[in-house]
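*Asks:* I would like the atomic coordinates for the input below:
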Amino acid sequence: MSKSSLESEVAKLIIANDKKWCDAYKNGDAATIASFYTEDGQLLPQNSEVVSGQENIKNFLQALIDAGIITEVEIKPVEIEDHGDTAIEIGRYTMKGPDGNIVDEGKYIVIWKKVGDQLKWHRDMFSSNLPAQ
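*Replies:* Residues are numbered from 1 along each chain as shown. I've put the predicted structure just below:
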């Protein structure tokens, strides 16, 4: 049985972690972002192969940060389901460039997994709403 609410304790924890993820990205801190993922976490970005493991996720995100095209990411959860040792988050994202203009916007799904006493990102997939170039 799952519970879906943005007001549950799990949802509040996930929303707080999302904010930390976004703050770390804005600060150019890919190592902190990668630490939010499970050891065998996977990032499934659009137009790219699967990125597996914390170290590879860190390297992928650091390259994205270093490119300077996306300087800020905003995450807005729409639905969070609590399944005990896992949770599913569905939402919308906005990526902004150095001038504050929107570079990309779309939707995402994150599967969270309980590791010890923490919830961590286990699978992270996103896709753009913008037309293909």
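*Asks:* what stretches of the protein score poorly on pLDDT?
*Replies:* Scanning the chain for pLDDT under 70 picks out 1-4.
*Asks:* how about the helices in it?
*Replies:* For the chain, applying DSSP state H gives helices covering 9-26, 30-35, 54-67.
*Asks:* longest strand of the protein?
*Replies:* strand 102-115 (DSSP state E).
*Asks:* off-centre distance for that one?
*Replies:* Relative to the centre of its chain, strand 102-115 is centred 4 Å away, using Cα atoms, centre = their mean, to the nearest Å.
*Asks:* that strand pairs with which strands?
*Replies:* Using DSSP bridges, the strands paired with strand 102-115 are strand 86-96 (antiparallel), strand 118-128 (antiparallel).
*Asks:* which of those strands sits closest to residue 43?
*Replies:* Between residue 43 and the strands paired with strand 102-115, the tightest spacing by Cβ to Cβ is seen for strand 118-128, at 5.0 Å. Just so you know, the C-beta spots here come from the backbone N, C-alpha and C atoms, and that holds for glycine as well.
*Asks:* what sits up against that closest one?
*Replies:* The contact list for strand 118-128 (Cβ atoms under 8 Å, 6 or more residues apart in numbering) reads 10, 13-14, 17, 21, 36-38, 40-46, 86-87, 93, 104-114.
*Asks:* swap the cut-off to 6 Å and go again
*Replies:* 36-38, 41-44, 46, 104, 106, 108-113 (Cβ atoms under 6 Å, 6 or more residues apart in numbering).
*Asks:* one more: stretch 60-69?
*Replies:* Applying Cβ under 6 Å, 6+ apart, the external contacts of stretch 60-69 come out as 28, 30, 33, 51.
*Asks:* how about that stretch: buried residues?
*Replies:* Within stretch 60-69, the residues scored as buried using 16 or more other Cβ atoms under 10 Å are 60, 61, 62, 64, 65.
*Asks:* show me how to select, in PyMOL, the buried members of the contacts of strand 118-128.
*Replies:* Filtering the contacts of strand 118-128 down to the buried ones (16+ other Cβ under 10 Å) takes a single PyMOL command:
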select buried, resi 36+37+38+41+42+43+44+104+108+110+111+112+113
